[in-house]
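Chemist: sequence first, predicted model second:
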Amino acid sequence: MMLAERMSRLGTESAFEVLARAGRLAQQGRSIINLGIGQPDFPTPENIVAAAQKALADGHHGYTPANGILPLREAVAEDILKWRGVEVDPERIVIVPGGKVTMYFAITMFGEPGTEIMYPDPGFPIYRSVIEFSGATAVPIPLHEDKGFAFSAEEVLAKITPRTRLIIVNSPANPTGGVVPREELDRLVAGLAEHPEVMVMSDEIYARMVYDNVPHASMLVYPELEGRLILLDGWSKTYAMTGWRLGYAVWPQDLAEHATRLAINIHSCVNAPTQWAGIEALKGPQDAAFRMVAAFDERRKVILELLNGLPGVRCVRPGGAFYAFPNIAGTGYSARQLQDDLLAEAGVALVAGTSFGEQGEGYIRFSYANSIANIEEATRRIARFLEGSGKSRPS
Ligand SMILES: Cc1ncc(COP(=O)(O)O)c(C=O)c1O
């Protein structure tokens with residue numbers, strides 16, 4: 001068997017591995033608290049489930065257009081106008097099976113050997129994985145703890161070379177919960193005027209989860225980026241629909257056709273009942289989605305205080321998503337060792353910062369998509385572990 005060379009360049013998402021290990025331990029009867037998983041711990045709202053059931057009963061069983069049914073693309077356009085204040089032609093919208101698919105499309109559309117694509121580090125691991133798979137060189141954009149895990153626009157602009165094809169931005173971010181301030185985005189966009197050939201993919205999958213009364217800063221609002229911006233969003237996080245596989249992108253006019261062609265070659269279309277459920281999610285009552293965000297906000301405050309009380313740990317206030325990314329350098333552990341020991345010895349599943357890039361050493365990701373009782377118990381277990389291990393040093 002002669003596997004194609006590029007298969008050796010494909011990475012993975014370690015959160016799934018931690019999840020599998022945590023599952024095995026739980027099956028053996030161990031008490032495991034899972035703060036490793038990147039999905040809401042709420043069920044999909046009932047009205048959305050009912051819309052999918054109705055679509056099945058109504059006979060929506062066949063293929064749909066590869067770019068998605070028109071009523072769904074129109075509902076997305078309406079939603080974008082409502083939340084981002086920008087009018088987009090539904091013909092620029094391509095419905096895909098999850099946010100990840102847009103990522104894969106955008107990166108493989110622009111990445112090839114001899115080119116460079118910039119990605120946030122620490123960041124969602126699939127960016128780097130697919131960049132390398134495409135043959136492009138992955139160029140990290142460092143995120144800074146002292147800037148609330150935002151990037152510096154000057155630093156990003158300074159890394160652009162004649163080979164740069166695409167810059168990936170993610171705010172609010174996984175794994176840090178960081179939010180890039182509007183002014184930093186303004187500076188990036190202003191600087192990009194000198195690099196008209198560079199495209200931007202803005203991953204805004206956590207757009208509805210921004211706290212402290214800060215409005216979400218979407219990159220879609222910049223007219224300067226017209227023809228250069230790919231907006232990634234979807235239903236997974238906002239409506240607790242990770243298992244449904246539903247996402248969308250707004251593409252520049254000329255690229256929507258290429259994205260649709262990729263869809264035709266890969267998955268044909270998103271399953272029909274899920275698309276009808278997606279319409280109900282956007283146009284139906286929003287109270288369940290709001291309640292979920294309010295619950296995350298409450299947990300965020302609880303976890304932030306508890307983390308900052310742990311020996312050797314300090315955590316900046318996450319502005320969005322449902323992750324906290326504390327600095328654990330003061331514990332004396334490497335990120336990976338702490339991840340492994342906390343799972344094996346304290347029964348708490350977390351993901352090492354190094355799973356999200358080289359800059360993630362010294363950090364560990366907590367997902368607070370879990371109950372306050374579990375968050376409290378997990379941090380008690382971690383405190384006992386750190387206090388007993390002899391390796392921790394108070395910061
Ligand atoms: C930053 C970011 N983008 C995209 C995704 C992918 O979302 P989906 O499950 O819709 O593919 C995730 C999922 O964890 C994410 O954290």
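Modeler: That came through, no problem.

Chemist: give the contact list for whichever residue of the stretch 201-350 of the chain sits closest to the ligand.
Modeler: Per Cβ to the nearest ligand atom, residue 236 is where the stretch 201-350 of the chain lies closest to the ligand, at 3.5 Å. Just so you know, the C-beta spots here come from the backbone N, C-alpha and C atoms, and that holds for glycine as well. The contact partners of residue 236, taken as Cβ atoms under 8 Å, 6 or more residues apart in numbering, are 39, 98, 99, 205, 242, 244, 246, 247.

Chemist: just the element for it, please.
Modeler: Secondary structure from DSSP states H and E places residue 236 outside every helix and strand.

Chemist: toward the C-terminus, what is the element adjacent to the helix or strand residue 278 falls within?
Modeler: Per DSSP H and E, residue 278 falls inside helix 272-283. The C-terminal neighbour of helix 272-283 among helices and strands, as given by DSSP H and E, is helix 287-308.

Chemist: now the residue of the stretch 201-350 of the chain closest to the ligand: phi and psi?
Modeler: The phi and psi values for residue 236, taken as degrees, to the nearest 10, are phi -50, psi -50.

Chemist: quick one: contacts for the residue positioned nearest the centre of the chain?
Modeler: Centrality entry for the chain: nearest residue to the mean C-alpha point is residue 174, 4.8 Å, by Cα atoms, centre = their mean. Shown in contact with residue 174 (Cβ under 8 Å, 6+ apart): 38, 123, 124, 206, 321, 323, 356.

Chemist: at 6 Å instead, please
Modeler: The neighbourhood of residue 174, defined by Cβ atoms under 6 Å, 6 or more residues apart in numbering, consists of 124, 321.

Chemist: what score does it have for pLDDT?
Modeler: With respect to pLDDT, residue 174 scores 97.

Chemist: kindly report the same for residue 19.
Modeler: Note for residue 19: predicted pLDDT of 84.

Chemist: and it, how many neighbours?
Modeler: 17 (other Cβ atoms under 10 Å).

Chemist: so it sits in a strand?
Modeler: No: Residue 19: not assigned to a strand; according to DSSP: H, G, I helix; E, B strand; the rest coil it is helix.

Chemist: and the helices in the stretch 1-150 of the chain, which stretches?
Modeler: 14-27, 46-57, 70-84, 99-110, 125-134 (DSSP state H, counting those that start in this stretch).

Chemist: can you tell which of those helices is closest to residue 196?
Modeler: helix 99-110 (14.5 Å; Cβ to Cβ).

Chemist: show me which residues of the stretch 201-350 of the chain are close to the ligand?
Modeler: Contacts of the stretch 201-350 of the chain with the ligand, taken as Cβ under 6 Å from any ligand atom, map to 203, 205, 234, 236, 242, 247.

Chemist: taking those residues together, which two end up most distant?
Modeler: Pairwise over these, using Cβ to Cβ, the maximum falls at 203 and 242, 15.3 Å.

Chemist: okay, the two: which has more neighbours?
Modeler: residue 203 (30 against 18).

Chemist: let me see the residues that make contact with the least confident helix or strand in the chain by mean pLDDT.
Modeler: Ranked by mean pLDDT, DSSP states H and E, the weakest helix or strand in the chain is helix 14-27, scoring a mean of 89. Contact partners of helix 14-27, identified using Cβ under 6 Å, 6+ apart, comprise 32, 34, 36, 37, 38, 349, 351, 355.

Chemist: who wins for neighbours among these?
Modeler: Taking other Cβ under 10 Å to define a neighbour, the member of these with the most is residue 351, carrying 31 neighbours.

Chemist: hmm, residue 35 and it touching each other?
Modeler: No: counting by Cβ atoms under 6 Å, residue 351 stays clear of residue 35, with 8.8 Å between them.

Chemist: what separation do you get for the residue lying closest to residue 11 once chain neighbours are set aside and residue 136?
Modeler: Nearest non-adjacent residue to residue 11, counting by Cβ to Cβ, 6 or more residues apart in numbering: residue 129, 3.2 Å away. Distance of residue 129 to residue 136, given as Cβ to Cβ, to the nearest Å: 12 Å.

Chemist: who's more crowded, the two?
Modeler: Neighbour totals were compared for residue 129 and residue 136, and residue 136 leads with 23 against 20 (other Cβ under 10 Å).

Chemist: distance of that one relative to the ligand?
Modeler: Going from residue 136 to the ligand by Cβ to the nearest ligand atom, to the nearest Å gives 19 Å.

Chemist: neighbours around the residue nearest to that residue when sequence neighbours are not counted, how many?
Modeler: Closest residue to residue 136 apart from its sequence neighbours, by Cβ to Cβ, 6+ apart: residue 111 at 3.4 Å. Residue 111 sits with 22 neighbouring residues when counted by other Cβ under 10 Å.

Chemist: got phi/psi on residue 111?
Modeler: According to degrees, to the nearest 10, residue 111 has phi -90, psi 130.
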